[in-house]
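Enquirer: need a structure here:
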Amino acid sequence: MGTVLFIVFVAVLIGVPIAIYNRLVTARNGYHNAFAQIDVQLTRRYDLIPNLVETAKGYLAHERGTLEAVITARNAALAGLKGATAAPGNPQALATLAGAEGTLGASLARLLAVAEAYPDLKANQTMAQLMEELTSTENRVAFARQAYNDAVLGYNNACAVFPNSVLAGMFGFTPAAMLDIEAPAKRAAPEVKFG
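Expert: Model prediction:
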């Protein structure tokens, strides 16, 4: 009887930490995967922006500063995304990405405001299609961001509860940061009114 209890005790002593470690790894992989979805959608968005600017360029020749600001902001956001992709969950990388996204959103809003004043540009079919794609992508980014933040919450909770917290500390499982955009106006997809 004593041998059986000893074997059960050893099995629990070894099995519980292994199960906890595997749960932490699974949760970390989950938020990494969720960030990969953000990467896909933001890359899609960044790929649409040069086409949008190129289409608008012919109509907005004297708005060169606005067009250049959008491209500069897009490039900064792309660099921020690369940094965040290299370290999903890293607070500094995500803060850089969020700041760059905020700047890009503001630049796009200025471009859309300027475009409203040009009836020919508003009537341009290519511009309308690009704006529709951009709006659709903004919605996808919002859903991907929510999925990522949910995965980070699950991972952080898994790291924080006892006895997981003991093993998380021993094996270097650090809390992950959520991807938040500061101002609610920056969270909203740009409003498009062509026609």
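
Enquirer: Where do the helices of this structure begin and end?
Expert: With helices called from DSSP state H, the chain shows them at 2-57, 64-86, 91-116, 119-123, 125-160, 164-170, 184-187.

Enquirer: what does stretch 169-186 rub up against?
Expert: The contact list for stretch 169-186 (CB atoms under 8 Å, 6 or more residues apart in numbering) reads 21, 24, 28, 31, 35, 38, 84, 88-91, 94-95, 97-98, 101-102, 105-106, 145, 148-149, 152-153, 155-156, 159-160, 167, 187. Bear in mind the C-beta positions are built from the backbone N, C-alpha and C, glycine included.

Enquirer: give the contact list for the residue most central in space within the chain.
Expert: Central residue of the chain (CA atoms, centre = their mean): residue 38, 4.2 Å from the mean position. Residues near residue 38 by CB under 8 Å, 6+ apart: 141, 144, 145, 148, 179.

Enquirer: among those residues, which ones are buried?
Expert: 141, 144, 145, 148, 179 (16 or more other CB atoms under 10 Å).

Enquirer: could I get those as TSV with pLDDT?
Expert: Listed next are the buried ones among the contacts of residue 38 as TSV, based on pLDDT from 0 to 100:
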residue	pLDDT
141	93
144	95
145	94
148	96
179	93
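
Enquirer: Let me have those in JSON lines, adding distance to residue 134 as columns.
Expert: Putting these into JSON lines (distance: CB to CB, whole Å) gives the following:
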{"residue": "141", "distance to residue 134": "10"}
{"residue": "144", "distance to residue 134": "15"}
{"residue": "145", "distance to residue 134": "16"}
{"residue": "148", "distance to residue 134": "20"}
{"residue": "179", "distance to residue 134": "19"}
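
Enquirer: ok, so of those, who is nearest residue 17?
Expert: Here the nearest of those to residue 17, counting by CB to CB, is residue 148; it sits at 28.1 Å.

Enquirer: ok now do the spatially closest residue to the closest one that is not a sequence neighbour, which residues does it touch?
Expert: Using CB to CB, 6 or more residues apart in numbering and skipping the chain neighbours, the partner closest in space to residue 148 is residue 34 (3.9 Å). Residues in contact with residue 34 (CB under 8 Å, 6+ apart) are 144, 147, 148, 150, 151, 152.
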